[in-house]
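Chemist: dropping the sequence and predicted coords here.
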Amino acid sequence: MNELSDRNRDLAELANAGAQPHQPLPGGHALVRPTTGLAERIIGAQPVAVYRDEQKILQKLAAIGAAAGSDWLYRFPVKTKDGGQDWIEGPSIKLANDVARIFGNNINEVREIDVGDAWVFYARFTDIETGFSMERAFRQRKSQSSMKTKDADRQLDIAYQIGQSKAIRNCIVNSLQIYADYAFEQARNSLVEKIGKDIGAWRERTVQGIAKIPVDLHRVERVVGRAAKDWLAPDIARVVAMMRAIADGMATADEMFPPIDSSAAGNAPRPSSTADGEQGADGTGTERESPPDRASAAADPIAIAYERGKEARAAGLARKAVPGELRDPARSREAAAWAAGWAGEPLPGDLL
């Protein structure tokens with residue numbers, strides 16, 4: 001009986017360890033689980049109070065996507081195998097969070113492992129209604145820079161949060177791919193439609209936002225492929241998504257809009273500024289497409305397209321980054337000239 005009482009007393013003391021500051025924990029015990037651990041994993045489908053309705057989910061995504069607009073989008077630069085640059089468009093972390101919330105009956109968890117120069121984040125999505133679960137890893141380098149601060153410690157904090165957000169976003173978007181794609185399309189289409197209804201005001205606000213980053217407008221125009229005063233609604237929507245990625249710390253301005261080096265700048269087209277009616281470089285009030293050393297080719301659209309292709313390659317753009325206006329079937333010869341200029345090849349004989 002005494003042995004049982006002693007055992008019960010010892011168990012009670014262990015259970016209350018830590019509640020009394022003067023009483024140390026027994027060796028080898030801890031009441032706080034490691035930060036890299038996860039809660040007990042749910043295996044298999046669980047009973048829920050309210051089962052989801054797929055039709056209602058789509059209706060809510062369409063309604064909220066129309067209001068979210070650019071908040072649900074991002075556009076991010078990636079390097080291609082040939083040394084050029086391509087772009088990836090996709091759903092933002094805000095879209096992923098909203099899709100998971102609207103989808104309902106799910107759990108999202110994340111843990112990280114420090115590997116020295118980077119963190120590896122493991123994000124896990126679990127649908128408790130069906131029992132489906134997915135875990136994905138994301139490696140975040142600690143050296144990623146951000147324009148938000150120059151403080152080294154703060155920079156490290158921002159890099160950590162960016163990595164965590166990307167891990168969560170990637171896991172949710174891959175787990176709920178159909179719903180995420182639908183939400184993305186709804187947000188993008190609504191943004192383009194919204195811009196199209198007042199394109200002049202959107203163009204002006206977008207240019208003002210570029211100046212606040214700050215970044216040279218000519219760099220943005222080079223990426224878009226046309227002067228700001230000629231931007232169409234899809235062009236503005238893409239620039240807005242790129243600015244959103246910069247604001248969220250997902251990319252830097254130099255990654256989004258590569259600087260124009262001095263060798264390329266000398267031959268680069270000089271589009272007029274954004275405001276309609278503002279004077280171009282020649283003082284005529286119209287866009288000046290060619291500098292003086294290309295004046296002889298100013299009347300030849302094939303020669304202009306060829307030079308633009310060379311400049312695009314010098315700026316680091318990918319082979320498929322053909323300017324939007326040249327994708328028109330009626331301008332296929334100019335598109336071919338652009339491609340030849342990008343590849344550094346002479347103009348084909350049938351284009352001369």
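Modeler: It's in.

Chemist: residue 243 contacts residue 208, doesn't it?
Modeler: No: between residue 243 and residue 208 there is no contact under CB atoms under 8 Å: 10.9 Å. C-beta coordinates here come from the backbone N, C-alpha and C atoms, glycine included.

Chemist: which one's more surrounded, these two?
Modeler: Taking neighbours as other CB atoms under 10 Å, residue 243 and residue 208 compare with residue 243 leading, 22 against 10.

Chemist: does the more buried one count as helix, strand or coil?
Modeler: helix (DSSP: H, G, I helix; E, B strand; the rest coil).

Chemist: could you check how far residue 175 is from residue 49?
Modeler: 22 Å (CB to CB, to the nearest Å).

Chemist: for this structure, which segments count as helices?
Modeler: For the chain, applying DSSP state H gives helices covering 2-15, 54-68, 93-103, 152-175, 177-197, 199-212, 217-224, 233-247, 253-256, 262-265, 301-314, 332-343.

Chemist: more neighbours, residue 175 and residue 49?
Modeler: Remark: of residue 175 and residue 49, residue 175 carries more neighbours, 25 against 5, as counted by other CB under 10 Å.

Chemist: burial check on the nearest residue to that one once chain neighbours are set aside, number of neighbours?
Modeler: Leaving aside its sequence neighbours, residue 175 sits nearest to residue 125 (CB to CB, 6 or more residues apart in numbering; 4.1 Å). Other residues lying near residue 125 total 24 when counted by other CB under 10 Å.

Chemist: so where's the stretch 1-150 of the chain shaky on pLDDT?
Modeler: Along the stretch 1-150 of the chain, the parts satisfying pLDDT under 70 run over 1-42, 76-80, 83-88, 145-150.

Chemist: if you set the cut-off to 50 instead, what comes out?
Modeler: Regions of the stretch 1-150 of the chain meeting the criterion pLDDT under 50 cover residues 17-36.

Chemist: next, residue 252: phi, psi?
Modeler: Residue 252 has phi and psi values of phi -100, psi 170 when expressed as degrees, to the nearest 10.

Chemist: for residue 242, see how far away it is.
Modeler: For residue 252, the distance to residue 242 equals 11 Å [CB to CB].

Chemist: who has more neighbours out of the two?
Modeler: residue 242 (27 against 17).

Chemist: pretty sure that one contacts residue 75?
Modeler: Yes: in this structure, residue 242 is within contact of residue 75 by CB under 8 Å, at 4.6 Å.

Chemist: anything in contact with each of the two?
Modeler: residue 256 (CB atoms under 8 Å, 6 or more residues apart in numbering).

Chemist: contacts only, for the residue nearest to residue 240 when sequence neighbours are not counted.
Modeler: Leaving aside its sequence neighbours, residue 240 sits nearest to residue 70 (CB to CB, 6+ apart; 4.8 Å). Residues in contact with residue 70, defined by CB under 8 Å, 6+ apart, are 187, 191, 237, 240-241, 244.

Chemist: okay, residue 252 and residue 104: tell me how far apart.
Modeler: From residue 252 over to residue 104 the distance is 36 Å, taken as CB to CB.

Chemist: my bad, should have said residue 232
Modeler: Residue 232 sits at a distance of 38 Å from residue 104 (criterion: CB to CB).

Chemist: also residue 170?
Modeler: Here the criterion is CB to CB. By it, residue 170 lies 20 Å from residue 104.

Chemist: what about these two, which has more around it?
Modeler: Neighbours were counted for residue 170 and for residue 104 using other CB under 10 Å; residue 170 has more, 20 against 16.

Chemist: is it true that the more buried one touches residue 136?
Modeler: Yes: assessed by CB under 8 Å, residue 170 is found in contact with residue 136 at 5.5 Å.

Chemist: shared neighbours, the two?
Modeler: residue 123.

Chemist: hmm, residue 195 and residue 202 touching each other?
Modeler: Yes: using CB under 8 Å, residue 202 is in contact with residue 195, at 4.5 Å.

Chemist: these two - which one has more neighbours?
Modeler: Legend: neighbour count by other CB under 10 Å for residue 202 and residue 195, higher for residue 195 (24 against 20).

Chemist: and the more buried one, what does it touch?
Modeler: So, once contact is read as CB under 8 Å, 6+ apart, residue 195 ends up touching 202, 233, 236-237, 240.

Chemist: just send those residues back as TSV, with pLDDT too.
Modeler: Listed next are the contacts of residue 195 as TSV, based on pLDDT from 0 to 100:
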residue	pLDDT
202	93
233	88
236	90
237	87
240	88
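
Chemist: who touches both of residue 202 and residue 195?
Modeler: By CB under 8 Å, 6+ apart, residue 202 and residue 195 have these common neighbours: 233, 236.

Chemist: which stretches of the stretch 151-300 of the chain have low pLDDT?
Modeler: Applying pLDDT under 50 to the stretch 151-300 of the chain flags the ranges 262-298.

Chemist: which residues does residue 107 form beta bridges with?
Modeler: In this entry, residue 107 is beta-bridged to residue 126, by DSSP bridges.

Chemist: wait, isn't it in contact with residue 128?
Modeler: Yes: counting by CB under 8 Å, residue 107 does reach residue 128; the two are 6.3 Å apart.
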